[in-house]
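> Here you go, sequence then predicted model.
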Amino acid sequence: MIELTTAEDKKALYIDTTSRSDMDFQIFIGSRGTGKTFTTLRQFINYRELGKRFIYLRNTDREAKIATTKVGNAFKSINTMYGTDIVGGFSSELGIGTFYDRYGLAEDDKGDGELIGYAFGLSTFAGVRSIDLSDVDTCVFEEFIPEKHVRKMKNRGDAFLNFIETANRNRELNGGKPIRIYLLANAIALDDEILLALNATKEIEEMVRNGEKRRTVRNRHLYIELVEDVGIVAEKRKGALYQLADKEFTESALTANFHNERLYLIQKNFNQRDYKPLISYDDYCVYQNKTNNTLHIAKTKEHAKRHLLKTEFVRFRQLFRGKYILYCGADQITFDSYNTRSAIEQTLKIDR
């Protein structure tokens, strides 16, 4: 067995994801380059000896394929650090990738080595749902929240839940343990479909607003950590890129507070006596402050004089979209919850 602890671990420069929790679903969101991926993947260098296998999951086939190439090998830095030789391959025809541990083989040996893991793209996993993954005990879903400029697959949340169902395949009913799933990402979008599917959005919203970094939800087998307090972050801030970049990029890259989401606009409590209903749509009411004209949107089912049914979403968009953009841009609007904000912005077709 290879000792995984390094000098960097002892200096607390990086997070060690595998020592945090025993929950089945573990979400790690936050700063780039803090060791989320490295410390999650390095446990697999001992899978050859343990006789176990893992799944490396990405949103798309292309991402999964790149991670199994020589250039993009997900284990490249681990191989360098520990002297291991874990290599990958990918069959585009089948939509399945593999990772092999070539420990003990000569460099010119054409043998594959020992199979220790699989690689899949969530976008095409439905095509291989009949596969038997009973030999897998751990899954790593890397960069599960896509960058905002990346075109997103529709119904990713449902696809991920179906993936979990396929991977586990009744193992709990037969007395076995479910696959442990690590979900790793940067703090890009709180309304990501995967977070919504796991009902984790509300939890993370509360954590950010309360300054909470770790949360365990035992009845849902869920652990969430917002990764910021590791030594490497302070060092990275001194680097040339972050000295050059603007605050928006720096805060988004180096913090876990979903800076671009402006969660300070979420105000659960507001004095309704200071507001008057301006317009309502479905179960949502837009209130305007009687004194300073700021807006607050809440899911209250209260109807304004101008009330629109859910089927009248086009009319609501015509009447309110321009005002919404103006007020939101000036931070002159608040919401009773992040879900309310997401629902309204989806209706108004607002891109953030």
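Looks like it came in fine.
> In the stretch 201-350 of the chain, mark out all the helices, start to finish.
Remark: helices assigned in the stretch 201-350 of the chain by DSSP state H, counting those that start in this stretch are 201-210, 231-237, 240-244, 247-254, 313-329, 338-348.
> show me what contacts the closest residue to Ala189 other than its chain neighbours?
Nearest residue to Ala189, sequence neighbours excluded (Cβ to Cβ, 6 or more residues apart in numbering): Ile145, at 5.8 Å. The C-beta positions use only the backbone N, C-alpha and C, and glycine is treated the same way. Residues near Ile145 by Cβ atoms under 8 Å, 6 or more residues apart in numbering: 29, 185-186, 188-189, 192, 194-195.
> What does the pLDDT read for Ile145?
Ile145 is assigned 94 on the pLDDT scale.
> wait, doesn't Tyr287 sit right on Lys276?
Yes. With contact defined as Cβ atoms under 8 Å, Tyr287 reaches Lys276; the gap is 6.6 Å.
> higher neighbour count, those two?
Tyr287 (23 against 12; other Cβ atoms under 10 Å).
> Relative to Pro277, how far out is that one?
As judged by Cβ to Cβ, to the nearest Å, Tyr287 and Pro277 stand 6 Å apart.
> Likewise for Asp85?
Going from Asp85 to Pro277 by Cβ to Cβ gives 67 Å.
> The residue nearest to Ala189 belongs to a helix?
No. Ile145: not assigned to a helix; according to DSSP: H, G, I helix; E, B strand; the rest coil it is coil.
> That one and Leu161, how far apart?
16 Å.
> which regions of the stretch 201-350 of the chain sit below the pLDDT cut-off?
229-235, 252 (pLDDT under 70).
> Mind doing that once more with 80?
228-239, 241-256, 259-260 (pLDDT under 80).
> Please apply the same query to the stretch 51-200 of the chain.
104-111, 126-130, 148-149, 151-152.
> In it, mark out all the helices, start to finish.
61-66, 76-82, 156-168, 193-197.
> packing partners for the shortest one?
For helix 193-197, the helices and strands in contact under the criterion 3 or more Cβ pairs under 8 Å, 6 or more residues apart in numbering; DSSP states H and E are helix 156-168.
> Name the residues that touch the helix it packs on?
The contact list for helix 156-168, computed with Cβ under 8 Å, 6+ apart, reads 55, 57, 59, 120, 122-123, 125-126, 129, 131, 133, 136, 139, 141, 144, 153, 178-179, 181, 193-194, 196-197.
> Buried ones among the residues you listed?
The neighbour-count test (16 or more other Cβ atoms under 10 Å) applied to these identifies 55, 57, 59, 120, 122-123, 125, 131, 133, 136, 139, 141, 144, 179, 181, 193-194, 196-197 as buried.
> Export the helices of the stretch 51-200 of the chain to a markdown table and append columns for distance to Ala106.
Shown next, in a markdown table, are these (distance: least, Cβ to Cβ, whole Å):
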| stretch | distance to Ala106 |
| --- | --- |
| helix 61-66 | 27 |
| helix 76-82 | 16 |
| helix 156-168 | 35 |
| helix 193-197 | 42 |
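> Mind checking those for the one nearest to Val314?
Closest approach to Val314 among the helices of the stretch 51-200 of the chain (Cβ to Cβ): helix 193-197, 24.3 Å.
> Quick one: distance of that closest one to the chain centre.
8 Å (Cα atoms, centre = their mean, to the nearest Å).
> Rebuild the contacts of Ile145 as TSV, extending it with distance to His303.
Shown next, in TSV, are those (distance: Cβ to Cβ, whole Å):
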residue	distance to His303
Ile29	38
Ala185	39
Asn186	41
Ile188	36
Ala189	32
Asp192	32
Ile194	35
Leu195	32
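> By neighbour count, which of those residues wins?
Ile29 (28 neighbours).
> quick one, phi/psi of that residue?
The phi/psi pair for Ile29 (degrees, to the nearest 10) reads phi -130, psi 140.
> For Ala343, which of the helices of the stretch 51-200 of the chain is the nearest?
helix 193-197 (11.4 Å).
> Extract the CA atoms of that closest one and return them as CSV.
In CSV, the C-alpha atoms belonging to helix 193-197 read as follows (Å, rounded to 0.1, in the frame of the first residue of the first chain):
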residue,chain,number,x,y,z
GLU,A,193,-29.3,21.2,-12.2
ILE,A,194,-27.2,18.7,-10.3
LEU,A,195,-27.4,20.8,-7.1
LEU,A,196,-31.2,21.2,-7.6
ALA,A,197,-31.6,17.4,-8.2
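> OK, contacts around Gln346?
Contact analysis of Gln346 by Cβ under 8 Å, 6+ apart lists nothing.
> wait, Lys276
Shown here is Lys276, whose contacts under the criterion Cβ under 8 Å, 6+ apart are 287-288, 290.
> Among those residues, name the ones in strands.
If you go by DSSP state E, the contacts of Lys276 have 287-288 in strands.
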